[in-house]
Each structure stands twice: as C-alpha cells, then as structure tokens.
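Enquirer: Quick one, structure for this:
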Amino acid sequence: MIVDVDGKSVYAYTGGRAFDPALPVAVFVHGAQHDHSVWGLQTRYFAHHGFSVLAVDLPGHMRSAGPALTSIGALADWLDSLLAALKVEKAFVAGHSMGSLVALEFAARYPARAQAIALLATAYPMTVSPALLESAREREPEAIELVNAWSHSTLAAKPSSPGPGFWLRGMNRRLMERVSINGEPQLFHTDFSACNAYADGLTSAAKVACPVRLIVGKRDLMTPPRATHDIAQALRQSGNVVDTVTLDAGHALMTEQPDATLDALHEFAARTSRAGNG
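Expert: Numbers count the residues shown, from 1 in each chain. Sure, this is the predicted structure:
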C-alpha cells in the first residue's frame, strides 16, 4: 500500500489484507539498512488474525520516497504523521534495533496514539563505534559484511526461515545490498548515525505510558541483553507494565526464531489491544 505523508509516498506492507483502521492496528518498524520484508513471517499472521498491519519502509528505504530522516525524533514524528494520514487513533508498535528506538520515542511523544510497544533487540545507548561508522560511510560493503556476521548467532539456525534450504546470512546480506542499491548514498551511515546520536532514551522512556515488552536474543552481539537494563529501569519509573522475553537467538530475532518471535509479539499485542478496548 502507498500512502501520502506530507507530500511524500510511503510504502507499507499490509500482510495480504486490505488495511482497515477500524480493526486493531499493528505497526512494524525495521532497523538500519533494512525494509519491511524483515517482518514478513510475523506480519502475515497478524493480518490474518485480527489486526490491520502496517510494516513500513522508512523514508529513503526501498519503496518509500526520501530523503532519509537523520534522527530518531524525526522518525517518531514521521510515524505519527503516517498514522494520522490513515486515521489511526491507536496502534501497537513493534520496532527492531533502530526501529525499537523509533517505537520508544513515538510512545513518549504521542502517548494518546500508542496502545503498546514491543522493543526487539534494543539497547540504550545504541552506540556505534567510530570504526563502524567510518566503514558505513566509506566502505559500505565491508560494513554490511561485518553487521551481517554479528547479527546472526549461528551459520545455520534451525529450523531456519522460512524453511530448510534457506540461508539466513545470505538472505540478510542480499537485502542490505538491495537497500544500498535502491536507497540514498551512504544510507547505512545515516541510519547508524541516528542511532549513535540518540540521547533522549532514558528521558523518553520515563514518559512512556503504555505497556512495554522487551524481546531480546540471549546470544545477541549487537544489542546484548545486559544493554536493556537502563532502559527497562527508566520505563518502569512511571509505573509502566514492562516485561522481558528472552529468545535463543542473536540480533536477527525475526528469522532465527520466527515462531517464538511471533508468539511473543502476537500474545502481547492481542492482550493489550483487548485491555485498551475494554
């Protein structure tokens, strides 16, 4: 589905069903150098089990027009504008990695529109080393290889995704290369810089007023489980209901543990949606 947001075209995958804002709405936000397709195995289930789905391509990524936005705050504002354009009053928002920061900031800035948020493979601060930032800017293929290797906890996750014979590392590398070809120059550096510069995490977390679920990979090298401690503490300051689900996976939760990730997302989204409408 193509949506006009502030005069720019935005692509959102709807899971094979027509979007209906009268249903509970679930929004999925990808991470750096990715697009909506990283959520394919989860979003289709949501769309056929009680939700309207928006798996977005962020500005400047794949099918969404640029320019790419350079800060987490700007991406959170953009997400609110997208929901306003579609007349969505409340939504469950799930974000992976960089997308988790967008979901967090969105919930802090727009509490009336945030039903609940799920933060997958999150961390605060989400710092990026100077060496990796420099590689993303000057030698993007090298940065893609490094991040792809660090994102997976094994050479061959079982039962694999979407089935035996698919190579997770190869699929992810090709996706990142496609985003590089189709996106703006140095898009990976733009995304990483937004994560690295985000300084409002703890302040914003204390403002979040909706239920929160953290979904972490116990073998995640990019955003290890211990990196969620400060953000979880800040989220609980305002009396929030915050829980954590730990999966046997690395950073690439949605493909290394597709069913477990889906279970953690759908149970939480369905429960909080019922509570919000009760």
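
Enquirer: correct me, but Phe268 touches Ala118?
Expert: Yes - counting by CB atoms under 8 Å, Phe268 touches Ala118, with 6.0 Å between them. Quick note: C-beta positions are derived from backbone N, CA and C, even for glycine.

Enquirer: what is in contact with the two at once?
Expert: 92, 213 (CB atoms under 8 Å, 6 or more residues apart in numbering).

Enquirer: more crowded one of these two?
Expert: Ala118 (26 against 21; other CB atoms under 10 Å).

Enquirer: can you pull the pLDDT of that one?
Expert: Looking at Ala118, its pLDDT reads 98.

Enquirer: Using the three-state scheme, assign it.
Expert: strand (DSSP: H, G, I helix; E, B strand; the rest coil).

Enquirer: so it touches Phe92, yeah?
Expert: Yes - counting by CB under 8 Å, Ala118 does reach Phe92; the two are 7.4 Å apart.

Enquirer: Find residues that contact each of the two.
Expert: With CB under 8 Å, 6+ apart as the test, Ala118 and Phe92 both reach 268-269.

Enquirer: List of residues touching the longest helix belonging to the chain?
Expert: The helix spanning the most residues in the chain, taking DSSP state H as the definition, is helix 258-277. With CB under 8 Å, 6+ apart as the contact definition, helix 258-277 has outside contacts at 24, 26, 41-42, 45-46, 49-51, 90, 92, 94, 115-116, 118, 120, 161-162, 210-211, 213, 215, 245, 247, 249, 253-254.

Enquirer: Show me what counts as buried in it.
Expert: Residues of helix 258-277 classed as buried: 258, 260-262, 264-266, 268-270, 272-273 (neighbour count, 16 or more other CB atoms under 10 Å).

Enquirer: how about Asp57, phi and psi?
Expert: phi -100, psi 120 (degrees, to the nearest 10).

Enquirer: OK, contacts around it?
Expert: Counted by CB under 8 Å, 6+ apart, Asp57 has contacts 10-12, 30, 35-36, 63-64.
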